[in-house]
Structure formats: structure tokens, C-alpha cells
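> Here is a sequence with its predicted model. Questions after.
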Amino acid sequence: MRILTTITYYSPHISGLTVYARRLIRRLVERGHDVTVLTSRYAPQLAAREEIDGATVIRSPVWFQVSKGVFAPRFLWDAARLISSHDVIYLHLPQFEASGVAVLAKLMRKPLVTTYQCDIQLPPGLIRTVFTPPIRASHYVTGKLSDRVVVLSDEYGRSARLPAHFHQKVLSIHPPIELAIASTNPRAFRAQHGLGEGPLIGFVGRYAEEKGLDYLLEALLLVRRELPEARLVLAGPTDTVPGERVYAWLRPKIDALGDSVRHLGLLSDPDLTSFYQTIGVLVLPSTNSTEAFGMTQAEAMLAGTPVVASDIPGVSEAVRITGMGLTVPPRDPEAIARAVVTVLREHDRFARPTGEIRKLFDPAGTAAFYEELFSNLSGLSPAMSSATPLGDSTEDTADQTQASR
């Protein structure tokens, strides 16, 4: 099967959306499918065309960026050129150009599947006022024209902005979660990074407003009243993404906490696995629906580490289905601190067999779901034996149909 997927950012860019797409695409290629990725050439040093994980990646030139979006006039031209030679068109939202691709796909009578990765929320001001309506309109058109819309969890599908309009065509499947072999053992990792012997609280992500890191920093002060040796360890890229609001005072606030906070920067995949195995708890203090699941928490669980996550739709999903942690109200440092102390002190209470977690978030299950979906649509078959439309599902259906993340 020849699959064309479009996405605004792709590797080497790192975000939950790009990691999701790359893991799925790699698995589809391994299953014998011919995959082409149409994306933006958001940095001039990137190749206009290359092969990544066996998939052909084509990057349309970008004239300029507006917030997280890009202005790439040739994108739709490239899409039109590619759609006719592919069997299935697969889109990722948010993406402003998606509606144009969707229209072209329908005009050429191609099956169209869209994964709704998350809501979009632009920073306050003129950019939000001017660009939010057309972006949402584009997403609505894309959803309207799509044969199926896939979301990362049943819970998020019922709350997110777009899927609420199309419940009968919305399906849910957990994101693909995988871990590399650890680079070293926890004791060696502690020694390598000077992390001492006290309890370690982990955070993986950028210094973006929606990540809620500022609330975690406040919580750390409260945690250290109970556990004076506790330390917060940060991992992730230090560069910013256009359109993300990053508090100017966040870096000085981190510095003011001294040795109780350590930032390890962007870790390799093997080092990230060691990081997860070393910390006592991972915290995901996300604040809004631009976070639809939080793949890092499922990665931590796969490494055997419990989590504390915000109790917002989608983000609370991993804790709900595994029991590996606690959920807390968003933007509540005191609740975060109480949950962190509880998890650190009662670690065994939140332990689960690794095989059980791997089965819930198996990338092969996610790939098989999409493969069957693409195959049924391209074969004009209405049968959907692996999933149930959101409008017909029960509370337990998500656990049965989300065979991946």
C-alpha cells in the first residue's frame, strides 16, 4: 500500500506529534508499506528530499513562520503532485494546510484519514485573534472530509474541539510507545550526572507554558519540606519552538533553586531510558488541551516508573488505565507536592508488571490498527473490526480498542 502522510514538522524536529508520526511510519514501513512524508522545510539546512526509516521525506520550502505555523506556498502543489500516486492520504492535525490537502484527496477520490493530535492554542494577542478562526475552520473542513478521524484516547476525543462534531467517524487508539535499551544502570546514571542519593523527581519536555513546569518548581519547594534531599531532574530540548510562550523568568527561577534542580538537556534514546529508570517519579503538570496524552508518562511507566499527571482529558488517561501513579488538578503546586511525596514514599503501591504496560502501549498494535483502517478504506470496506466509532462506544471500549499507547 502506498501511503502519503502530511505533517507540518517532522524529524529532526522533536515533539510528541513528530515522535508519534515517526514511530508509526517506521512500523508501517517495516510491515511492507511504501510511505511518503510531505512536510515543511522549516530550517534551511534540512534536505529537500531524503529517506528516514525507509520512508521518503519531501520538504516544501518555507517563506516565513507565524507562531507555530509555517507559510509554505508550494505545499499544496507538492501535495497535488503526490496524492494521485498514493492509495491512502493520512493527515496530522494541527496543520493549517490540511483542509487543502483534504479537498485535493476527495477530488481525486482517495481515502482520507486524519489523526487529531491535539487542540491548537495560540498565544494571546493579535496572532490569536487573526489566525485562530481560519485554522479552526481548516481543521473543521478536514474533519468533515475525512473518512475517519483518529484521536489518542476516547476521553480526549470526547473533549477536544474538533472530534465533538464528528463522533460517528472518530476512533481512538493509544500512541505507539517504545524505549531503547538503557545506556547504563541507575546507580551509574546518578554518578555520571552528579544526582546524589536522594529521591529524584523527573520532568521531560520544553520550557513551554502549557507544560506547567513553573507549577512543578513551586511544588518542589513543598516536597523538600517533607523530603529535604529530593531533587528535580529536567530532561529535554532547551531551544524554543516558534509560537510557544516561555516565561522569561523561568530560567532564573530554576537557577534560584540551586542544586535542587538539574537540567540534563536533550538526552539520547538510551540515556532517556536510563533517566526514566533512575528517577522515582515522573511529573506531567500540563495545563491545557494542547497536551492530548503525554507520551513521556507512558514511556516512564514502560521503564517501571510511576507518574503524577494533571487531571485533564487525555493526560489522565495513562494513570487511569494502568494505576501507575496519581492525577492532580492542573496548576495546583500543593496537590502536585502531596502526590509526589505519596508516590515516592509508597513506590511499590504503584508498581505494575512491565509486560502489562507493554501490551497496553504496543507500537505493533497501533501500526496494525492503522494498517487495517487504511486497508479497509482503500478497499471500500465499511468493516472496522479493530475499533468502535466514538459515538457508539462505552466507557470500557477505549481499553479494548487502544492497543498501543
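In hand now; what should we look at? Just so it is clear, the structure is predicted and the values come from calculations on it, not from any experiment.

> Gly198 is in contact with Gly280, correct?
No - counting by CB atoms under 8 Å, Gly280 stays clear of Gly198, with 9.3 Å between them. All C-beta spots, glycine's among them, are computed from the backbone N, C-alpha and C.

> what does the lengthiest helix in the chain rub up against?
Of all the segments of type helix in the chain, defined by DSSP state H, the longest one is helix 126-145. By CB atoms under 8 Å, 6 or more residues apart in numbering, the list of residues contacting helix 126-145 from outside reads 66-67, 69, 91, 93-103, 105-106, 112, 114, 116, 120, 122, 149, 161-163, 165-166, 169, 243.

> and these, which are buried?
Of the members of the contacts of helix 126-145, the ones counted as buried by neighbours, 16 or more other CB atoms under 10 Å, are 67, 69, 91, 93-103, 105-106, 112, 114, 116, 120, 122, 149, 161-163, 166, 169, 243.

> Cross these against helices and list the overlap.
When helices are assigned by DSSP H, the members of the buried ones among the contacts of helix 126-145 inside them are 98-103, 105-106.

> Now for those: which two are most distant?
The largest distance within these, taken as CB to CB, falls between Ala98 and Lys106 and amounts to 12.5 Å.

> Of all the residues in the one helix or strand Arg338 maps to, which ones are buried?
Here Arg338 is covered by helix 333-345, with elements defined by DSSP states H and E. Of all the residues in helix 333-345, those buried under the rule 16+ other CB under 10 Å are 333, 335-344.

> cool, and stretch 206-222?
Residues of stretch 206-222 classed as buried: 206-220, 222 (neighbour count, 16+ other CB under 10 Å).

> before we move on, what about stretch 57-65?
In stretch 57-65, the ones that count as buried by 16+ other CB under 10 Å are 57-60, 62.

> Looking at those, which one is closest to Leu264?
Distance to Leu264, by CB to CB, is smallest for Val57 among the buried residues of stretch 57-65, at 28.9 Å.

> Now for the closest one: which residues touch it?
Listed by CB under 8 Å, 6+ apart, the contact set of Val57 reads 10-11, 36-37, 39, 47, 49-51.

> Phi, psi for it please.
phi -110, psi 120 (degrees, to the nearest 10).

> Check what pLDDT it gets.
The model reports Val57 with a pLDDT of 98.

> Next: Gly325.
With respect to pLDDT, Gly325 scores 97.

> Just list whatever residues bridge to it.
In this structure, Gly325 bridges to Val307 when assessed by DSSP bridges.

> Please verify my assumption that it contacts Phe350.
Yes - in this structure, Gly325 sits in contact with Phe350. The criterion is CB under 8 Å, and the distance is 5.6 Å.

> Compare these two (neighbour count), which wins?
Gly325 (27 against 21; other CB atoms under 10 Å).

> Run through the stretch 301-405 of the chain and note the low-pLDDT ranges.
Residue ranges of the stretch 301-405 of the chain with pLDDT under 70: 380-405.

> Pull stretch 69-83 out as CSV, backbone CA atoms only.
Output for stretch 69-83, consisting of C-alpha atoms alone and laid out as CSV, is shown next (Å, rounded to 0.1, in the frame of the first residue of the first chain):
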residue,chain,number,x,y,z
GLY,A,69,2.6,27.6,11.7
VAL,A,70,4.6,27.9,8.5
PHE,A,71,3.8,29.7,5.3
ALA,A,72,4.8,27.2,2.6
PRO,A,73,3.1,28.2,-0.7
ARG,A,74,4.3,25.2,-2.6
PHE,A,75,3.0,22.7,0.0
LEU,A,76,-0.4,22.2,-1.8
TRP,A,77,1.3,22.0,-5.2
ASP,A,78,3.5,19.2,-3.9
ALA,A,79,0.5,17.5,-2.3
ALA,A,80,-1.4,17.6,-5.6
ARG,A,81,1.5,16.1,-7.4
LEU,A,82,1.8,13.2,-4.8
ILE,A,83,-1.8,12.4,-4.0
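
> list the buried ones in that stretch?
Taking 16+ other CB under 10 Å as the neighbour-count basis, stretch 69-83 is seen to contain the buried residues 69-70, 72, 75-76, 78-79, 82-83.

> contacting residues around it?
Here stretch 69-83 has contacts from 4, 6, 8, 36, 38, 40-42, 58, 60-65, 89, 96-97, 100-101, 104-105, 108, 110, 131, 135, 243, using CB under 8 Å, 6+ apart.

> could you give the mean pLDDT of it?
On average, stretch 69-83 scores 91.

> do stretch 24-32 as well
Per-residue pLDDT values across stretch 24-32 average out to 96.

> change the start of the numbering to 15 and stick with it
Okay, using 15 as the starting number, the last item reads as stretch 38-46.
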